[in-house]
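> Got a predicted model here, sequence first, then my questions.
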Amino acid sequence: MQLEAKNIGFRYHKNSWLFRNFNLILNSGEILGLKGQSGCGKTTLISIIGAILSADSGNVSVLNENITSMNVDEKTEFRKKNIGYIFQQFNLINTLTVAENVAIPLLANNVAFNKAVQKAKEYLEIMGISDKANVYPSKLSGGEQQRVAIARSLVHDPKLVICDEPTASLDSATGQKTVELIKNVAASPEKAVIIVTHDNRIFKYADEMINMEDGKVTNPTQGVY
């Protein structure tokens, strides 16, 4: 089992819950789509699953490790090794080259600089933008920047890939290509993927789709209850 969340909840005020008693099972090789209106708790939920935020109730197990009981340093180490993030706004560093941006997760895991950059270039080749390795992010189109962000999220071979609105800033054609890249590259038998999205182009690629509304799952499917 890749991921299991049991009865997790998050409070935004002493007696006010953004969501509670949320349960989720996600297995290796699966893509889970998560949709819902703004403010319903999607980003908070994936931040808890991704060991960025702490839940106020329940437990989350990823790769058979209980991340709920980890302290801040332990969560940081766990994220660095096991989780890849694809952010809506790309979050590239403009003072670094494309290859250096992609190499960041490897450098965070103490991989030597030259080796990290070389592996980053291999992932840029997979993304179809190896010719951009030595340029800076400001010289790239939105679609190219998203491909860099995808390469960065995968370069350290994470077992869980979390995507937050990965196509929100892209045009239709580029968004379609981005979704296909996530499907083909990230959804291997050794990995699981969670995609927060409002983009109905993504829905058909997901093994599971759940909808959050007022902190609750309104249409649970297999694996989600």
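Now that the structure is in, tell me what you want to look at.

> Number of residues surrounding Gln2?
Under the neighbour criterion other Cβ atoms under 10 Å, Gln2 is assigned a count of 19. To be clear about C-beta, it is placed using only N, CA and C from the backbone, and glycine gets the same treatment.

> what residues are up against it?
Under the criterion of Cβ atoms under 8 Å, 6 or more residues apart in numbering, the contact list for Gln2 reads 26-28, 30, 62-63, 159-160, 192.

> redo that, cut-off 7 Å
Counting by Cβ atoms under 7 Å, 6 or more residues apart in numbering, Gln2 touches 26-28, 63, 159-160, 192.

> likewise Lys159?
Listed by Cβ under 7 Å, 6+ apart, the contact partners of Lys159 are 2, 63, 82, 190-191.

> hmm, 8 Å instead?
Taking Cβ under 8 Å, 6+ apart, we find Lys159 in contact with 2, 28, 62-63, 82-83, 190-192.

> Repeat that for Ala5.
Neighbouring residues of Ala5 by Cβ under 8 Å, 6+ apart: 22-25, 48-49, 58-61.

> hang on, it is in a strand, isn't it?
Yes. With DSSP: H, G, I helix; E, B strand; the rest coil as the criterion, Ala5 is assigned to a strand.

> now the strands: where do they sit in the protein?
In the chain, strands defined by DSSP state E lie at 3-13, 16-26, 31-36, 57-62, 65-66, 83-86, 160-164, 192-196, 208-213, 216-217, listed in chain order.

> Sheet-wise, list the partners of the first one with their directions.
So the one you mean is strand 3-13. Applying DSSP bridges to the sheet, strand 3-13 is found paired with strand 16-26 (antiparallel), strand 57-62 (antiparallel).

> contacting residues around Ile129?
Neighbour list for Ile129: 98, 144, 147-148 [criterion: Cβ under 8 Å, 6+ apart].
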